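Participant: sequence-free structure coming up:
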Ligand code: PHE
Ligand code: FE
């Protein structure tokens, strides 16, 4: 999600989409994707939610090279009715929300440079496609993303996008899920990051706290470091049910009058899986 007063780049359509330009990727760029893919595929075995891994599989994302969005969209369309469309970089919030509400995921078409393997500011095609697209093959998560887009358009009109953005951040980007007593990762910002894949699950430093919609929407986050708190959902069905059932209109009004929480806060009411140990400083390298 981007800045409110951005100018649309020349060459982008009114909905900000561009041609992916797949034929313009160099062999070195495809090789960089393959390297990142192999490294993450190995890292995620036993760490990522099976729904994510199933998505990689059913979308045949293990094929060599940067995926062609048209092929990916054909497969996704048959599974859940989603498409992947290319954009030049971050787009304004309302553009982003409108695409999601129409079951289109906007992805950057560029790939990081070799010196950015472990750190980059703007999401590239590896983060956007490897990180986000596999779960769009899951019918429940696919519905959640569309509902989030519709909710975003509504929030924009109410001027409360920042509150709703926390929901995206702590689920779509940095969510954990509990399975048979163990935690797994599913957030795109985690699964696309070599360092954070391990940190989010195994490091004693961050808090891991049970998902609580109201609590989460009052919690600030950092964009330039590994997270200090991860929220753990019980299932994708539960996440979808809770967010669909709740009318966010009254919720925004209610939350506007309540305190907000620092990224590392732990509250007496929290369902704590792990209380973060401040003695372990978090490395400053997001993915
Ligand atoms: N139920 C929310 C609303 O009333 C919309 C929403 C659904 C938001 C799912 C996020 C996720 O605005
Ligand atoms: Fe992302």
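Facilitator: Thanks, I have it. Bear in mind the structure is a predicted one, so any value in this text is a computation, not a measurement. Ligands and ions are numbered 1, 2, ... in the order given.
Participant: could you find the closest non-adjacent residue to residue 84?
Facilitator: Setting aside the residues directly before and after it, residue 84 is nearest to residue 69 in space (CB to CB, 6 or more residues apart in numbering), at 4.6 Å. Placement of C-beta: from N, CA and C, glycine included.
Participant: next, count neighbours for the one you found.
Facilitator: Using other CB atoms under 10 Å, the number of residues around residue 69 comes to 22.
Participant: can you check residue 31 too?
Facilitator: Residue 31, neighbours per other CB under 10 Å, totals 15.
Participant: residue of the stretch 1-150 of the chain closest to ligand 2, please.
Facilitator: Scanning the stretch 1-150 of the chain for the residue nearest ligand 2 gives residue 123, at 5.0 Å (criterion: CB to the ion).
Participant: so what's the closest residue to that residue other than its chain neighbours bridging to?
Facilitator: Distance criterion CB to CB, 6+ apart; nearest residue to residue 123, sequence neighbours excluded, is residue 108 at 5.7 Å. Assessed by DSSP bridges, residue 108 has beta-bridge partners residue 87.
Participant: hang on, isn't residue 108 packed against residue 126?
Facilitator: No. The criterion here is CB atoms under 8 Å, and residue 108 misses it with residue 126 at 9.2 Å.
Participant: show me which of the two is the more surrounded one.
Facilitator: Between residue 108 and residue 126, counted using other CB under 10 Å, residue 126 has the larger neighbour count: 24 against 21.
Participant: could you check how many residues crowd around residue 44?
Facilitator: Residue 44 has 21 nearby residues by other CB under 10 Å.
Participant: and the residue nearest the centre of this protein?
Facilitator: With distances taken as CA atoms, centre = their mean, the residue of the chain nearest its centroid is residue 173 (2.8 Å).
Participant: roughly how far apart are that one and residue 200?
Facilitator: Applying CB to CB, to the nearest Å, the value for residue 173 to residue 200 is 11 Å.
Participant: now the common contact residues for these two.
Facilitator: Taking CB atoms under 8 Å, 6 or more residues apart in numbering as the contact rule, residue 173 and residue 200 both touch 187, 190.
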